[in-house]
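Asks: Provide a 3D model corresponding to the input given below.
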Amino acid sequence: MAYPYFENQQQLLRIEQAADLALYERESGQQSVAARRANGQCWYPIAIRDTSIGRGDYLTVTVERTTHHEIPHQFRFGGSAALFSNLQDAKDRIEGTVCYIQGNQLSISLRVDEFPDWANDGKLGVDLLFDHTSYKEMENALKQANDLVENPKEGHLVQVLTGCQPTRFEQKNLAPTVPSLNPSQQAAVQRILDAEDLAIVHGPPGTGKTTTIVQAIKALTHQEHPGQILAVAPSNTAVDLLTEKLADEGLRVVRIGNPIRVSAKLMHLTLDEQLSDHPEMKLVKQLKKQANDFRQMAGKYKRNFGAAEREQRKALFNEARKIIKDADKTEQYLMDSILDKAQVITATLVGANHYTIKNRNYKAAIIDEAGQALEPACWIPILKTQKLVLAGDHLQLPPTIKSEKAAREGLNNTLLEKSVLLHPDAVTLLDEQYRMNEEIMGYSSQVFYKGLVHAHHSVATQRLFTDDSPLLFIDTAGCGYEEQAEGTSIRNPDEALFVVKQVNSLLHELAQHPGLSSPSIAIIAPYKEQVLLLKEVLSSVEADVLRQADIAINSVDSFQGQERDVVFISMTRSNPQQSIGFLADIRRMNVAMTRARKKLVVIGDSPTLGKHPFYSGFIEYAAQLNSYKSAWEMGSQDLS
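Replies: Next up is the predicted model:
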């Protein structure tokens, strides 16, 4: 029987998949290799660095892109890809799965058992394919969750998360007191230990959510019957951070997949690396080499198809398959032994169903950055446990959704957001932040967190120098800084130049205070065209003070989870219609305004922004702090 809750989720997922596929086809469908490469969907040309027999008798090929290293790409561990030849791009191609990626090298497990003839002719490349696998995993998880709704024992957590059952708490043992945790963080750890099914950690910006989660996981592993913990997140970056912090606490952790943050420590924590270091892997490698030798011998008979040759070829392939089967069994045994010793396994949401850990169940599952996780993806790890911890902030950026229709009809409403409303008793708010001056965080705390979040004394009054204002709103009203439409995006050239001048002015002011260390600076804009324009303006300026400064420029979305000493925000919108577009999603501004540690400068047009109560409230807040200035007051400034 299909239950409305999961039927709705499946329908939204299908809409999202269709939109995602349409976008992929637009970007790669009939495009040239050069265009696909520019989109980050192709490596071309490549060189073959290694071939070997992989799991299941499939051929694994390691390739390296030999040019265009500077172009960002979208390949990832577990994604689908195809090896192709430039001679007959559409015909000469083999599909497979990315099983390793690091720097400019990746390995693909191809769905063949021997190298094709065409791979020796012409130039080779690798195409990114549409990720049907992740959607299948999400759809299967929703179906399984649907089947558990009426199961009172195995389906209890499903019933809690869909609002059919209340949460349960029972104090079994006190959480160890950790001196580095503040009272709200300590309370969150205790709530996680007491939870029978669901606990929620609501972590506003700078409140040490990941630190709290790590201490909670550590406490869970020290219980009388700890079991194994699964810790997941929607992005590889978040998984890397969690993995590293868990290892720093002395926990035995295994990372499934390849880390984005390449470091010796993180690499050593991956399952692949630990497997490679296992002394018994020598036997597996010997068996695979032996099988490979048999297959190469069989390849010699490829063009000589007499009866005897056919039999000999068949016998050699059969022997190779038998050896590979033995190698796979041994490798699986070694993998299981490594995984069994782990206290914590970390992966992405979809990676929680990777073949190496697919059939594992856990004492508890923790989803970090749950505010950015698609709900269908969350059900993959949820099905592997009866106790769930959701950690994140539903008042910051939601998940990235390709379909406006799916978002509008509810896909952007995350499981975290629903659970906070359904089970307020399960929520612990982290109420002390360690990032921002209190004036920078004040408005965010008022609007989003009912004024409950306060600054720790170590950061409450920090600023660039004595008497500097940590918050500034510069109003460009009346300056004639009109926005311009650029495709589906927006740019504001006059405002971009003004922003760079303000950065230049600040750097000159800082130079008057000898002994100050150079601050890190970010310029944030909500629109990609404004980001590109700001980069152009900055790169064209010859002022030494700007060239020598540590300045990062990017979109609001790209800065979630990051922080800088100084942040300038170019609001971009300025038009007679007073239209602000997606700036009306104020969660985006909650992210933007909480990236700065010591100084936040917001630059925008008050008549346009002020039509929305959030922005009119912010302008009033700045005025109350004597932190409002008109751009007219600033005068014209040279970039020197």
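Asks: Tell me where the stretch 51-200 of the chain has strands.
Replies: Assigned strands in the stretch 51-200 of the chain, in chain order: 59-65, 80-85, 93-102, 105-110, 124-128, 198-202 (criterion: DSSP state E, counting those that start in this stretch).
Asks: quick one, which of the ones you listed is nearest to Ser627?
Replies: strand 198-202 (28.3 Å; C-beta to C-beta). (C-beta placed from N, C-alpha, C; glycine too.)
Asks: List the contacts of the following helix or strand past that closest one.
Replies: Toward the C-terminus, strand 198-202 is succeeded by helix 209-221 as the next helix or strand (DSSP states H and E). Contacts to helix 209-221, defined as C-beta atoms under 8 Å, 6 or more residues apart in numbering, come from residues 175-176, 178, 180-181, 185, 188-189, 192-193, 201, 203, 226, 229, 231, 241-242, 245-246, 249, 251, 343-344, 363-364, 366, 368, 389, 391-393, 430.
Asks: now helix 209-221 against strand 198-202, angle please.
Replies: 150 degrees (axes from the mean of the first three to the mean of the last three C-alpha atoms, to 10 degrees).
Asks: what is the mean pLDDT for helix 209-221?
Replies: Per-residue pLDDT over helix 209-221 has a mean of 97.
Asks: Then stretch 314-325?
Replies: Stretch 314-325 comes out at a mean pLDDT of 74.
Asks: With stretch 225-242 instead?
Replies: On average, stretch 225-242 scores 94.
Asks: Can you find the helix or strand in the chain with the smallest mean pLDDT?
Replies: For the chain, the helix or strand with the lowest mean confidence is helix 281-299, at a mean of 72 (criterion: mean pLDDT, DSSP states H and E).
Asks: Need the buried ones from the contacts of helix 209-221 selected in PyMOL.
Replies: What follows is the PyMOL syntax for the buried subset of these, where burial is set by 16 or more other C-beta atoms under 10 Å:
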select buried, resi 175+178+181+185+188+189+192+193+201+203+229+231+241+242+245+246+251+343+344+363+364+366+368+389+391+392+393+430
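Asks: Next step: the contacts of helix 209-221 restricted to helices.
Replies: 185, 188-189, 192-193, 241-242, 245-246 (DSSP state H).
Asks: and those residues as JSON lines, adding distance to His132?
Replies: Listed next are the ones in helices among the contacts of helix 209-221 as JSON lines, based on distance: C-beta to C-beta, whole Å:
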{"residue": "Gln185", "distance to His132": "41"}
{"residue": "Ala188", "distance to His132": "38"}
{"residue": "Val189", "distance to His132": "40"}
{"residue": "Ile192", "distance to His132": "36"}
{"residue": "Leu193", "distance to His132": "40"}
{"residue": "Leu241", "distance to His132": "29"}
{"residue": "Leu242", "distance to His132": "28"}
{"residue": "Lys245", "distance to His132": "33"}
{"residue": "Leu246", "distance to His132": "32"}
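Asks: before we move on, the earlier item: of all the strands of the stretch 51-200 of the chain, which one comes closest to Ala2?
Replies: strand 198-202 (24.1 Å).
Asks: Determine how far that closest one lies from the middle of the whole chain.
Replies: With C-alpha atoms, centre = their mean, to the nearest Å as the basis, strand 198-202 stands 20 Å off its chain's centre.
Asks: Arg65 and Gly40: what is the separation?
Replies: According to C-beta to C-beta, to the nearest Å, Arg65 stands 11 Å off from Gly40.
Asks: These two: who's more crowded?
Replies: Arg65 (22 against 14; other C-beta atoms under 10 Å).
Asks: wait, doesn't that one sit right on Asn104?
Replies: Yes: at 5.0 Å, Arg65 counts as touching Asn104 under the criterion of C-beta atoms under 8 Å.
Asks: Using PDB, write out every CA atom in stretch 492-512.
Replies: These are the backbone C-alpha positions of stretch 492-512, laid out as PDB (Å, rounded to 0.1, in the frame of the first residue of the first chain):
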ATOM      1  CA  ASN A 492      25.200  46.200 -11.200                       C
ATOM      2  CA  PRO A 493      28.400  47.600 -12.700                       C
ATOM      3  CA  ASP A 494      28.400  50.900 -10.800                       C
ATOM      4  CA  GLU A 495      27.800  49.100  -7.500                       C
ATOM      5  CA  ALA A 496      30.600  46.600  -8.300                       C
ATOM      6  CA  LEU A 497      33.100  49.500  -8.800                       C
ATOM      7  CA  PHE A 498      31.800  51.200  -5.600                       C
ATOM      8  CA  VAL A 499      32.300  48.000  -3.600                       C
ATOM      9  CA  VAL A 500      35.900  47.600  -4.800                       C
ATOM     10  CA  LYS A 501      36.600  51.200  -3.900                       C
ATOM     11  CA  GLN A 502      35.300  50.600  -0.400                       C
ATOM     12  CA  VAL A 503      37.600  47.600   0.000                       C
ATOM     13  CA  ASN A 504      40.500  49.700  -1.200                       C
ATOM     14  CA  SER A 505      39.500  52.500   1.300                       C
ATOM     15  CA  LEU A 506      39.400  50.100   4.200                       C
ATOM     16  CA  LEU A 507      42.800  48.600   3.300                       C
ATOM     17  CA  HIS A 508      44.300  52.200   3.200                       C
ATOM     18  CA  GLU A 509      42.700  52.800   6.600                       C
ATOM     19  CA  LEU A 510      44.200  49.600   8.000                       C
ATOM     20  CA  ALA A 511      47.600  50.700   6.800                       C
ATOM     21  CA  GLN A 512      47.400  53.600   9.200                       C
END
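Asks: Can you give me the buried ones in that stretch?
Replies: In stretch 492-512, counting by 16+ other C-beta under 10 Å, buried: 492, 494-504, 506-507, 510.
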